[in-house]
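Trainee: No letters, just coordinates:
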């Protein structure tokens, strides 16, 4: 059964710039979805609408059949059901990895960090003193620690080298297949898309 | 489903303040400067207001009741030892009972002192005159001229008082009681002398001295000299706080005696009348002076043909005027500092919030509400402000005192000046030009307008309340753009 439903979702910056032209889709728990498409086709916009960071011009984004804006509330929806992983990590720069994770969970984060390959010392450093790969692991740790059912990742491997990127993809796959999360990844990487359970291609504002 | 657990915004604020030390230090310094200026201004304003009140209480919080001597029908002549006649006013007397009547029928009066001054010779119980202190002032050779007047040079000023606590010299701070107690209503045969005079003659509190009419004056007035002797127990010692001068050295303040009316009247039976010269009333609030006087004038016992009520506020007004002007200037400065401080603080905080749009976007994407984000920013500034405001209590204390002292100098430069009327006056048979030349002339007393600048708890509380209000308003105003835009726009901007 789907956890997320998109019903005729449209989005336009203005009358002449329509980005999404009626998106219909459903997303299930335990699956990894990849949204592919060229730059500027609206992938990140679609992810923002799914994540409740923005509202569609028309149409509905529903969680378990409830409109996320009208029935749940966007802030509450993000807080309770959504976890983001961004290409630029988006960590709070005056905090340590531990403290960044504490922003979304009060559970002990060390086992999670160890699972993601970060040492005890590294999790107590300022995040700016970590490498790009380590910072992305912290961002993923923050998303996983939140225990949200839906994990949204926007180009999560875009800034990483191949080996690190491969490690991140494994974590995302495990999150879907082992932890039962609904993982939606926006990417232009065919390699990443190949490992997804479902690939959705966004072309000229519609999914195909 | 997520549990909705988040690091509290207070903890986030604490982390930011402790980790971003340079930014915290800059904000701390800005808040310290603004709060120091505001608190200094408030302290100086309080000090000038206190100084105005002090001056009003010292110079303007007193009025006198005197006999109305304008009615010539109430003047009588008294023969003086077959040498001629002396005129004296024989109208209704100023008595302690009259003063008590006024006190009972008028609210707002703190106390009174009825006074009468005359001149007599203080002696040891064995009849030996007390050794008197020499005045440092220019006596114009008067003492030398009077050397042929028998024991006249041994006479002193004897002030009859009902309550020396309210004597104008004591209450004005020109002299102060340092041992024993004040004269109070009901006292009999007691007195207060200066510590210097007591030391010179080996006297102390509890000792006995006598007061007697000058033998020379008694012979001139045809008075039985032996009958005028009166015993006095010393109950207190005073000392002068500022220098004073008199035309006659023996009538100086340091040789003076405070005693009761019965004693002075007994010692000088040659004088006409039986009451006091003046009754000084001290009001609680000088601003109520007009209504109090109006009430007294309406009392049935206060017949305007017998008594007059006088208020002289010229001294107080001359001192208060520069203080009032300074107070207005300080008020204007405080308003200016508050406005400029608020604008500077707003600009600094607005820039701070703008710089942190990235962080706001991250927190919004995590589901943190906008109110909690703004709350974090407010708490951050409040944490720094608590320390800055606290330190400003000390820094402003120093600055305010320095400025306050300059204000004091400015005030004193325009302070009281004694006026000589040039009128011919007669005291106990001695005639001189200059109305006040026989009474002690005190130098300007510094502490009359002494400005004690201190940071009051009310000012501190006000600083914290207004300061936090300005901080919260500034943060909210600065964060308004963030409140209006959607999280995605913030995230788009930061990417």
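Mentor: It's in. Quick caveat, the model's predicted, so the values are computed rather than measured.
Trainee: how much space between residue B:374 and residue B:12?
Mentor: Going from residue B:374 to residue B:12 by CB to CB, to the nearest Å gives 12 Å. Placement of C-beta: from N, CA and C, glycine included.
Trainee: Which of those two has more residues huddled nearby?
Mentor: Set residue B:374 next to residue B:12 and count neighbours by other CB atoms under 10 Å in any protein chain shown: residue B:12 wins out with 27 against 21.
Trainee: what's that one in contact with, if anything?
Mentor: A:92, A:103, B:376 (CB atoms under 8 Å, 6 or more residues apart in numbering or on different chains).
Trainee: Could you dump the residues you listed into TSV with pLDDT added?
Mentor: Shown next, in TSV, are these (pLDDT from 0 to 100):
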residue	pLDDT
A:92	92
A:103	89
B:376	93
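Trainee: Distance-wise, check the residue nearest the centre of chain B relative to residue A:72.
Mentor: Closest to where the C-alpha atoms of chain B average out (CA atoms, centre = their mean) is residue B:54, at 2.7 Å. Look at residue B:54 and residue A:72: by CB to CB, they are 68 Å apart.
Trainee: rewinding a little: quick one: which of the contacts of residue B:12 is most hemmed in?
Mentor: That'd be residue B:376 among these, by other CB under 10 Å, with 25 neighbours.
Trainee: Mind telling me what element that one is part of?
Mentor: Using DSSP states H and E, residue B:376 falls within helix B:370-413.
Trainee: now do residue B:18
Mentor: Using DSSP H and E, residue B:18 sits in helix B:9-19.
Trainee: which parts of that helix are buried?
Mentor: B:9, B:12-13, B:15-17, B:19 (16 or more other CB atoms under 10 Å in any protein chain shown).
Trainee: Go through those residues and name the one with the lowest pLDDT.
Mentor: In this model, the minimum pLDDT among the buried residues of helix B:9-19 belongs to residue B:9 (87).
Trainee: residues touching that residue, list them.
Mentor: Shown in contact with residue B:9 (CB under 8 Å, 6+ apart): B:368, B:372-373, B:375-376, B:379.
Trainee: residues contacting residue 112?
Mentor: Picking chain A for this. Neighbouring residues of residue A:112 by CB under 8 Å, 6+ apart: A:101, A:141, A:144-145.
Trainee: sorry, should have said chain B
Mentor: B:99, B:102-103, B:162-163, B:166, B:279-282.
Trainee: and it, which of the three is it?
Mentor: The three-state label given to residue B:112 by DSSP: H, G, I helix; E, B strand; the rest coil is strand.
Trainee: Run a quick neighbour tally on whichever residue of the stretch 351-495 of chain B sits closest to chain A.
Mentor: Nearest residue of the stretch 351-495 of chain B to chain A (CB to the nearest CB) works out as residue B:367 at 2.6 Å. Residue B:367 has 26 neighbouring residues, counting by other CB under 10 Å.
Trainee: Could you tell me which residues of chain A lie near chain B?
Mentor: Proximity of chain A to chain B is confined to A:45, A:48, A:51, A:53-55, A:75-84, A:86-88, A:90-95, A:99, A:102-107, A:126, A:142, A:146-149 under the rule CB under 8 Å from any CB of the partner chain.
Trainee: Could you turn the buried ones of these into a PyMOL selection?
Mentor: To isolate the buried members of these in PyMOL, using 16+ other CB under 10 Å:
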select buried, chain A and resi 45+48+51+53+54+55+75+77+78+79+80+81+82+83+84+86+87+88+90+91+92+94+95+99+102+103+104+105+142+146+147+148+149
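Trainee: What are the structural domain limits within chain B?
Mentor: When chain B is parsed with automatic domain parsing, its domains come out as B:9-50+B:320-414+B:452-494, B:69-305.
Trainee: any idea which helix or strand of chain A has the worst average confidence?
Mentor: Here the helix or strand of chain A ranked lowest by mean pLDDT, DSSP states H and E is helix A:110-115, holding a mean of 83.
Trainee: How far off centre is it?
Mentor: What separates the centre of helix A:110-115 from the centre of its chain is 20 Å, taken as CA atoms, centre = their mean, to the nearest Å.
Trainee: So which residue is dead centre in chain A?
Mentor: In chain A, the centroid-proximal residue (CA atoms, centre = their mean) is residue A:152; its distance is 1.5 Å.
Trainee: Tell me if I'm right that that residue and residue A:86 touch.
Mentor: No: contact criterion CB atoms under 8 Å: residue A:152 and residue A:86 do not qualify, at 9.3 Å.
Trainee: follow-up on the earlier one: I'd like the contacts of residue A:112 laid out as TSV, including neighbour count.
Mentor: As requested, these are exported to TSV (neighbours: other CB atoms under 10 Å in any protein chain shown):
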residue	neighbour count
A:101	28
A:141	25
A:144	25
A:145	23
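Trainee: Which helix or strand contains the residue in chain A positioned nearest to chain B?
Mentor: Chain B sits closest to residue A:79 of chain A, with a gap of 2.6 Å, by CB to the nearest CB. Element membership for residue A:79, per DSSP H and E: helix A:74-81.
Trainee: how about the residues of the stretch 201-350 of chain B near chain A?
Mentor: Counting by CB under 8 Å from any CB, the stretch 201-350 of chain B has no residue next to chain A.
Trainee: Strands along the stretch 201-350 of chain B, start to end?
Mentor: Ranges of strands in the stretch 201-350 of chain B, per DSSP state E, counting those that start in this stretch, are B:208-212, B:230-240, B:244-245, B:257-259, B:278-283, B:307-310.
Trainee: From the chain's centroid, how far away is the last one?
Mentor: Here strand B:307-310 is found 25 Å from its chain centre; the criterion is CA atoms, centre = their mean.
Trainee: by contact count, what packs against it?
Mentor: Counting contacts by 3 or more CB pairs under 8 Å, 6 or more residues apart in numbering or on different chains; DSSP states H and E, strand B:307-310 packs against strand B:62-67, helix B:289-297.
Trainee: Please name the nearest non-neighbouring residue to residue 68.
Mentor: The chain I'm using is chain A. Excluding the flanking residues, the one nearest residue A:68 by CB to CB, 6 or more residues apart in numbering or on different chains is residue A:77, at 4.5 Å.
Trainee: Oops, wrong one, chain B.
Mentor: Computed as CB to CB, 6+ apart, the closest residue to residue B:68 that is not its neighbour in sequence is residue B:308, at 4.8 Å.
Trainee: So that neighbour is in contact with residue B:91, correct?
Mentor: No: judged on CB under 8 Å, residue B:308 makes no contact with residue B:91 at a distance of 11.1 Å.
Trainee: ok, these two, which is more surrounded?
Mentor: Neighbour count, other CB under 10 Å: between residue B:308 and residue B:91, residue B:91 has more, with 20 against 15.
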